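> Next come a sequence and a model predicted from it.
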Amino acid sequence: MRGGLVASARLLPRPLVRWFLQRRAQQDINENMLGGKKVKIIFVLGGPGSGKGTQCSNIVEHFDFIHLSAGELLRAEINSGSENGTMIDTIITEGKIVPSEITIKLLQEAIIKGGNDKYIIDGFPRNEENRVVFESVTLVTYFQLLEISISPEFVLFFDCSEEEMERRLLGRNQGRSDDNIETIRKRLKVFVESSLPVIEYYESKGMVKKIDATKPAPEVFEDFLN
Ligand SMILES: Nc1ncnc2c1ncn2[C@@H]1O[C@H](COP(=O)(O)OP(=O)(O)OP(=O)(O)O)[C@@H](O)[C@H]1O
Ligand SMILES: O=c1ccn([C@@H]2O[C@H](COP(=O)(O)O)[C@@H](O)[C@H]2O)c(=O)[nH]1
Ligand SMILES: [Mg+2]
């Protein structure tokens, strides 16, 4: 079907094809669609060690969502030997926030590659600038012409005490460069100063489902389901 369409499109004047795709893109932008499908995005936010990754793994076992962890995408970028790798590594080890254009490009690529219409995005947006840029840029898909912009359906906020988050991260033992007390303290500060305002923004729009994440993991998941 797609092959037939592409072949027919080649017979038409390029400005006409461009006009048609741009018109279609505009419709999709208005409707939050990707290639004719409604794209559903859920943001999962919470402090470092609040259990975002743990709960996202549970969620995708039960629901047809693709889990995208912004932090995992950044760590994969470091490991791929990309030219930005060293800079990203330094920022993560300092507990700071990677420039929006880098993280958003990785998320966009993963969304397009995922080919699904439901994504649960873990650990993003980390600050107001992340949020504004993500919601204002567009995804460029087939023919590099069809563009859509994306906003979340709702936001899950895993609310956990600092003492508990610190205890969990010090015991995580996954070889992460940021699982040390100096970086953890910096990450907690960045969470309060930069990430909480994003949660407050979505709260003001009635879009936040807040869950007590200090409880044991199975109970947190139960609370999510209810
Ligand atoms: N509810 C819980 N109770 C106790 N330990 C938990 C709970 N949830 C997760 N953990 C453990 O805490 C550690 C941190 O969890 P996880 O990696 O899911 O957090 P995170 O929010 O994704 O952290 P980060 O922001 O650093 O990626 C892991 O070792 C995990 O097994
Ligand atoms: O949107 C993002 C997500 C992550 N970072 C950086 O990565 C680390 C680890 O992220 P996790 O989601 O906790 O795995 C985070 O502390 C930031 O340094 C980012 O900059 N932007
Ligand atoms: Mg995580």
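Okay, I see it. From a predicted model like this one, the values you see are computed outputs, not experimental measurements. Ligands and ions are numbered 1, 2, ... in the order given.
> Tell me if I am right that residue 155 is in a helix.
No - if the criterion is DSSP: H, G, I helix; E, B strand; the rest coil, then residue 155 is strand and not within a helix.
> residues near it, how many?
The number of residues packed near residue 155 is 22, by other C-beta atoms under 10 Å. For the C-beta atoms, the positions are set from N, CA and C on the backbone; glycine is no exception.
> I'd like the numbering to begin with 277 instead of 1 from here.
Yep, numbering from 277; the last one is residue 431 now.
> Is it correct that it is in contact with residue 486?
No - Residue 431 is not in contact with residue 486 according to C-beta atoms under 8 Å; the separation is 9.1 Å.
> Give me the common contacts of those two.
Residues touching both residue 431 and residue 486 by C-beta atoms under 8 Å, 6 or more residues apart in numbering: none at all.
> Distance check, the residue of the chain found nearest ligand 3 against residue 429.
The minimum distance from the chain to ligand 3, using C-beta to the ion, falls at residue 329 (3.4 Å). From residue 329 across to residue 429, the span is 20 Å (C-beta to C-beta, to the nearest Å).
> what about these two, which has more around it?
Counted by other C-beta under 10 Å, residue 329 and residue 429 do not tie: residue 329 has more neighbours, with 17 against 13.
> Check whether the helix or strand harbouring the residue of the chain closest to ligand 3 comes near ligand 2.
Here residue 329 sits within helix 328-338, counting by DSSP states H and E. No - against ligand 2, helix 328-338 shows no contacts by C-beta under 6 Å from any ligand atom, the least distance being 6.8 Å.
> Need the contact partners of that helix.
320-322, 341-343, 345, 348, 396, 398-399, 432, 434, 489, 493, 496-497, 500-501.
> re the thing from before, tell me the pLDDT of the residue of the chain closest to ligand 3.
Note for residue 329: predicted pLDDT of 98.
> Now do it against residue 398, distance only.
6 Å.
> any shared contact partners between those two?
residue 345.
> distance between whichever helix or strand residue 395 is part of and the chain's centre?
Residue 395 is located in strand 394-398, with elements delineated by DSSP H and E. Centroid separation for strand 394-398 versus its chain: 6 Å, with C-alpha atoms, centre = their mean, to the nearest Å.
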